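[1] only geometry, no sequence info:
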Ligand SMILES: C[S@@+](CC[C@H](N)C(=O)[O-])C[C@H]1O[C@@H](n2cnc3c(N)ncnc32)[C@H](O)[C@@H]1O
């Protein structure tokens with residue numbers, strides 16, 4: 001019998017928990033007209049919370065645990081896995097980045113790059129930056145470690161801007177303008193590289209994992225994000241273990257994993273609140289006009305819509321659903337309905353959000369296990385504080401000496 005790795009154990013714990021509590025997270029809150037679970041204790045608790053309580057709890061792991069720890073046994077123990085993995089982390093001492101080199105990089109991005117760099121082991125391999133944007137990460141690392149970097153990016157203007165910055169500071173950074181989802185894009189990968197991907201979205205990092213495994217990349221450091229940006233409606237697990245313990249994730253479910261919000265300002269908070277109310281108010285209007293009370297989603301829109309006029313928003317939404325509106329609906333009536341429904345939805349979401357970190361952990365562990373299965377030594381840890389970026393899980397993998405490149409499966 002083969003020995004179970006720590007990653008496998010964590011994954012099975014995660015899967016068991018998500019399956020056990022499936023009814024609390026695998027649902028569409030907007031489609032619920034009442035609390036969707038039969039749980040009187042939870043119902044009483046959730047209905048007694050004020051709006052202020054809701055947003056405070058939603059943003060604090062400590063408060064979530066205080067309020068819901070007893071109701072969902074095992075849920076918060078999963079966080080100990082990341083905490084334990086982190087206890088082995090030691091941040092590498094680095095030179096302070098001079099202001100002229102960091103110019104133009106946002107404060108949080110700079111903190112992320114700094115924290116990411118401190119987790120990289122010494123390596124003599126040339127660096128490859130996957131989905132680089134303007135290549136801020138690559139530029140700073142090439143300066144820091146005095147090693148060349150190739151940065152691959154799909155948007156030509158970002159390549160042009162990034163190349164200009166590198167040239168200005170005489171940094172050995174070379175941009176490749178290519179689509180990583182094509183054979184030409186992936187051809188840039190070579191076994192003896194230190195591959196770096198900070199916040200590469202869904203399919204972009206899945207492609208990286210599959211290609212890296214196929215060619216036998218020796219060293220990989222990946223921070224995934226936007227798990228829902230995949231071409232299929234449903235998620236196909238990467239690792240064998242996840243295929244055995246699949247929790248059947250739709251794109252809607254996958255979005256839950258990235259709903260963690262770093263505390264937003266009051267204005268953004270208010271816009272979010274209005275958006276939910278207006279969408280639900282429109283839903284009530286549509287249900288009444290069409291006689292169909294099933295929830296029908298609307299596409300996302302720029303946030304500025306929600307500082308405008310509700311009637312304009314309804315006209316836009318009705319056009320999307322090919323619905324004609326009466327000349328003068330009682331807008332206030334529907335806004336009141338929307339506000340009432342929004343209060344319910346926020347309570348359902350509060351409970352659903354308890355599962356966003358376990359779900360993200362499930363997804364990241366699937367990626368880590370995929371690498372482990374293909375002969376990599378893998379480490380998973382939070383590389384920076386959650387407030388610096390909620391997408392703070394870093395996968396680090398090095399190919400064991402005995403492993404041959406394999407056809408990705
Ligand atoms: C979330 S950004 C991350 C950028 C950078 N790594 C960072 O951390 O700031 C993702 C980047 O991937 C690029 N991208 C999207 N699709 C791509 C593709 N098919 N091939 C290469 N790059 C792509 C985008 O243009 C964008 O610059």
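    Now that the structure is in, tell me what you want to look at. Everything numeric in this text was worked out from a predicted model, so none of it was measured. Residues are numbered from 1 along each chain as shown.

[2] Show me what the biggest helix by length in the chain is in contact with.
    Counting by DSSP state H, the longest helix found in the chain is helix 266-290. Counting by Cβ atoms under 8 Å, 6 or more residues apart in numbering, the neighbours of helix 266-290 from elsewhere in the structure are 30, 55, 264, 292-293, 295-296, 298, 303, 305-307, 310, 313-314, 317-318, 321, 323, 325-326, 329, 334-335, 337-339, 341-342, 345-346. In this view, the C-beta of every residue, glycine as well, is placed from N, C-alpha and C.

[3] Any quick PyMOL command for the buried ones out of those residues?
    Command for PyMOL, covering only those of the contacts of helix 266-290 found buried under the criterion 16 or more other Cβ atoms under 10 Å:
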select buried, resi 30+55+295+298+305+306+310+313+314+317+318+325+334+335+337+338+341+342+345+346
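
[4] Who are the contact partners of residue 128?
    Here residue 128 is in contact with 149-152, 188-190, 193-196 (criterion: Cβ under 8 Å, 6+ apart).

[5] Over to residue 358?
    For residue 358, counting by Cβ under 8 Å, 6+ apart, the contacting residues are 14, 17-18, 75, 78.

[6] check which helix or strand covers the closest residue to residue 202 other than its chain neighbours.
    Counting by Cβ to Cβ, 6 or more residues apart in numbering, residue 229 is the residue found nearest to residue 202 once chain neighbours are left out, at 3.5 Å. Following DSSP states H and E, there is no helix or strand that holds residue 229.

[7] Okay, residue 229 and residue 352: tell me how far apart.
    If you measure residue 229 against residue 352 using Cβ to Cβ, to the nearest Å, the figure is 20 Å.

[8] swap in residue 208?
    Counting by Cβ to Cβ, the gap from residue 208 to residue 352 is 30 Å.

[9] Out of the two, name the residue with the larger neighbour count.
    For the pair residue 208 and residue 352, the greater number of neighbours falls to residue 208 (25 against 20), based on other Cβ atoms under 10 Å.

[10] Quick check: closest non-adjacent residue to that one.
    In space, residue 208 comes closest to residue 130 once its chain neighbours are excluded; the distance is 5.3 Å by Cβ to Cβ, 6+ apart.

[11] same check, this time on residue 45
    residue 67 (6.9 Å).

[12] what helices or strands is the helix or strand containing that neighbour leaning on?
    Per DSSP H and E: residue 67 is located in helix 61-68. Judged by 3 or more Cβ pairs under 8 Å, 6 or more residues apart in numbering; DSSP states H and E, helix 61-68 is in contact with helix 51-58.

[13] Now do the contacts for the nearest residue in space to residue 257 that is not next to it in sequence.
    Once its chain neighbours are removed from consideration, residue 257 has its nearest residue in residue 360; the separation is 4.1 Å (Cβ to Cβ, 6+ apart). Counting by Cβ under 8 Å, 6+ apart, residue 360 makes contact with 227, 257-258, 260, 393.

[14] Next: residue 396.
    Residues touching residue 396, when contacts are defined by Cβ under 8 Å, 6+ apart, comprise 119, 220-222, 378-381.

[15] same deal with residue 65?
    Contact partners of residue 65, counting by Cβ under 8 Å, 6+ apart, are residue 76.

[16] Understood, closing this out.
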